[in-house]
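[1] Could you work out the structure for the sequence below:
(chains A and B)
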There are 2 protein chains.
Amino acid sequence: MSEPTERTAVKRLAERGTYDAETAYAIIDEALICHVGFTTDEGHPMVIPTIHARIDDTLYLHGSVASRMLRTVKRGGQLCVTVTLLDGLVLARSHFHSSMNYRSLVILGEGREVPDGDEKTDAFKAVVEHIARGRWEDGRLPTPKESRATTIVAVPIDEFSAKIRTGGPGDDEEDYALPIWAGVIPLTTVAGDPIGDERLGSDIPIPAYAERYGRP
Amino acid sequence: MSEPTERTAVKRLAERGTYDAETAYAIIDEALICHVGFTTDEGHPMVIPTIHARIDDTLYLHGSVASRMLRTVKRGGQLCVTVTLLDGLVLARSHFHSSMNYRSLVILGEGREVPDGDEKTDAFKAVVEHIARGRWEDGRLPTPKESRATTIVAVPIDEFSAKIRTGGPGDDEEDYALPIWAGVIPLTTVAGDPIGDERLGSDIPIPAYAERYGRP
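    Coordinates of the predicted model:
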């Protein structure tokens, strides 16, 4: 359980806020991407989507976003990593009380560039396995040159807050009598049938993680 | 067509960048949420998910995120609004070339608080209709008090860049001979059967936009 800091305390609708690490980890592990915010050298905010992975209490950010924020990281600048899962649309009788069901997580902290070596390999593997469990062993592993060309930034999952909304609409008491449909439209991310690469040999079977793709 | 500025020019894999307004609008209109980045008074970046809507070349941000960034907006601070649609997982033969298919948009600019009045009503309506077309007329409209209690921030869709990746993996030539499955797992956001509120009268039909929910 992380203590809410002045920066991460959920200020609005505080009953929706949680600071429990397992809740945070579950959001990170289910989400395919996160959004990373940082302040550029020019002083303006920048938000970039990227894939990520978690090992214990460390979040790893991979690839192009890591490269772009590296200058921020090297001068000790703060990062804000936000992970959002959208679970449904909440149509209340009044527009004012209409909302969404979601699970979101905001992590604040300094990043750290992961040097070449075992941690970088582990993080690269974690990113691949985060996307499709079992893929690391199946795919062609990174060469030393590829590994050097990959930037990975680590962020401690230490200062964070999660915010979760579930359930139906909460209307004003007098609005329940109105003849207006109200309820939730559930949303899920669904995988379609895998599309084999056009140069794929016909004798190569579709792996189970691609044929029946799902999130943890 | 927006000219790329130094700040929005897509620096990595520049061939994926586009600065076409219609492309940007289509991403905004399809996405249910965006991620808004700003620098807090304390000087650290903050990224919050929120619903949005577009009217012509203006993006409207609604509700709690608008309230939280209002101090930034009032001192003329910059915002970065990022909209991301995830279309698929791209499994290349090598992990190094594995990727995702996506359409993403980064908008930079100053926000403007929308005062009470017609523009605010139009923006509120646009947000409701963005979620479910036809809902505005069906639901209970905001009272003047609710409208005053709603914060809406407008951001010009002026300085932006979109980045799009489509298609299968691009492996190194020598890797095509490897006996490794490669291809794309398509991803879509799917709506389930609507769940009526427990206090809903039995004679109230499910509206078409809820029963057969889909994005534009």
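[2] going forward, measure contacts between C-alpha atoms and count neighbours the same way
    OK.
[3] Scan chain A for its longest helix.
    Counting by DSSP state H, the longest helix found in chain A is helix A:118-131.
[4] buried sites along the helix or strand just after that one?
    Counting by DSSP states H and E, the next helix or strand C-terminal to helix A:118-131 is helix A:135-138. Using 16 or more other C-alpha atoms under 10 Å in any protein chain shown as the test for burial, helix A:135-138 gives A:135-136.
[5] The helix or strand hosting A:Ala154 vs helix A:118-131, what angle?
    Taking DSSP H and E as the criterion, A:Ala154 maps to strand A:152-156. Our comparison of strand A:152-156 with helix A:118-131, counting by axes from the mean of the first three to the mean of the last three C-alpha atoms, to 10 degrees, yields an angle of 80 degrees.
[6] How about strand A:152-156 and chain B, touching?
    No: Strand A:152-156 lies apart from chain B when judged by C-alpha under 8 Å from any C-alpha of the partner chain; the minimum separation is 12.7 Å.
[7] Could you please name the strands that strand pairs with and the direction of each pair?
    strand A:58-62 (antiparallel), strand A:112-113 (antiparallel) (DSSP bridges).
[8] Please convert those strands to a markdown table, extending it with mean pLDDT and mean neighbour count.
    Shown next, in a markdown table, are the strands paired with strand A:152-156 (pLDDT from 0 to 100; neighbours: other C-alpha atoms under 10 Å in any protein chain shown):
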| stretch | mean pLDDT | mean neighbour count |
| --- | --- | --- |
| strand A:58-62 | 96 | 23 |
| strand A:112-113 | 94 | 17 |
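[9] could I get the ones you listed as JSON lines with distance to A:His130?
    Output for these, formatted as JSON lines (distance: least, C-alpha to C-alpha, whole Å):
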{"stretch": "strand A:58-62", "distance to A:His130": "11"}
{"stretch": "strand A:112-113", "distance to A:His130": "20"}
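[10] quick check, distance from the strand holding A:Ala154 to the centre of its chain.
    The gap between where strand A:152-156 is centred and where its chain is centred comes out at 14 Å by C-alpha atoms, centre = their mean, to the nearest Å.
[11] Can you name the element that comes right after the top strand by length along chain A?
    Scanning chain A for the strand with the most residues, using DSSP state E, yields strand A:78-91. Using DSSP H and E, the helix or strand that follows strand A:78-91 towards the C-terminus is strand A:99-110.
[12] what mean pLDDT would you report for that next one?
    Averaging pLDDT along strand A:99-110 gives 96.
[13] List the buried residues in it.
    Neighbour-count burial for strand A:99-110, counted by 16+ other C-alpha under 10 Å, picks out A:99-110.
[14] Stretch A:181-196 too?
    A:181-187, A:189, A:191-192, A:194-196.
[15] circling back to that earlier point, next, the angle strand A:99-110 makes with the strand holding A:Ala154.
    Going by the same axes, to 10 degrees, strand A:152-156 makes 100 degrees with strand A:99-110.
[16] Just confirm A:Val65 is within a strand.
    No: read with DSSP: H, G, I helix; E, B strand; the rest coil, A:Val65 is helix and lies in no strand.
[17] That one: neighbour count?
    21 (other C-alpha atoms under 10 Å in any protein chain shown).
[18] hmm, back to that, which among the buried residues of strand A:99-110 are in contact with chain B?
    With the criterion set as C-alpha under 8 Å from any C-alpha, the members of those near chain B are A:Val106.
[19] okay, the buried residues of strand A:99-110 in a markdown table with distance to B:Thr39 next?
    Listed next are these as a markdown table, based on distance: C-alpha to C-alpha, whole Å:
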| residue | distance to B:Thr39 |
| --- | --- |
| A:Ser99 | 25 |
| A:Met100 | 25 |
| A:Asn101 | 26 |
| A:Tyr102 | 24 |
| A:Arg103 | 23 |
| A:Ser104 | 19 |
| A:Leu105 | 18 |
| A:Val106 | 14 |
| A:Ile107 | 15 |
| A:Leu108 | 12 |
| A:Gly109 | 14 |
| A:Glu110 | 15 |
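[20] between the buried residues of strand A:99-110, which is closest to A:Glu42?
    Of all the buried residues of strand A:99-110, A:Glu110 has the smallest distance to A:Glu42: 18.4 Å, by C-alpha to C-alpha.
[21] where does that closest one sit relative to chain B, distance-wise?
    Using C-alpha to the nearest C-alpha, to the nearest Å, one obtains 10 Å as the distance from A:Glu110 to chain B.
[22] same question, A:Lys74
    To chain B, A:Lys74 is 15 Å away according to C-alpha to the nearest C-alpha.
[23] With A:Asp116 instead?
    Between A:Asp116 and chain B the computed distance is 15 Å (C-alpha to the nearest C-alpha).
[24] and that residue, what does it touch?
    Each residue near A:Asp116 by C-alpha atoms under 8 Å, 6 or more residues apart in numbering or on different chains is listed here: A:147-148.
[25] State whether it is indeed within a helix.
    No: applying three-state DSSP, one finds A:Asp116 to be coil, outside a helix.
[26] Quick one, grab the pLDDT at it.
    For A:Asp116, the model assigns a pLDDT of 94.
[27] Backbone dihedrals for it, both of them.
    phi -60, psi 140 (degrees, to the nearest 10).
[28] For A:Val153, see how far away it is.
    Per C-alpha to C-alpha, to the nearest Å, A:Asp116 is found 12 Å from A:Val153.
[29] circling back: how about the longest helix of chain A against chain B, any contact?
    Yes: using C-alpha under 8 Å from any C-alpha, helix A:118-131 reaches chain B at A:128, A:131.
[30] Please enumerate residues in contact with that helix?
    Contacts of helix A:118-131 (C-alpha under 8 Å, 6+ apart): A:29, A:32, A:51-55, A:60, A:62, A:114, A:135-136, A:147, A:152, B:89, B:95.
[31] Show me just the buried residues among those residues.
    A:29, A:32, A:51-54, A:60, A:62, A:114, A:135-136, A:147, A:152, B:89, B:95.
[32] Now tell me what touches the strand holding A:Ala154 from outside.
    A:57-63, A:66-67, A:70, A:109-114, A:120, A:123-124.
[33] Next: stretch A:38-52.
    Contact with stretch A:38-52 is made by A:32-37, A:59-62, A:64-65, A:69, A:71-72, A:77-80, A:127, A:130, B:35-39, B:44-45, B:47, B:78-82, B:84, B:106, as judged by C-alpha under 8 Å, 6+ apart.
[34] now it, how far from the chain's geometric center?
    With C-alpha atoms, centre = their mean as the basis, the mean position of stretch A:38-52 lies at 15 Å from the chain mean.
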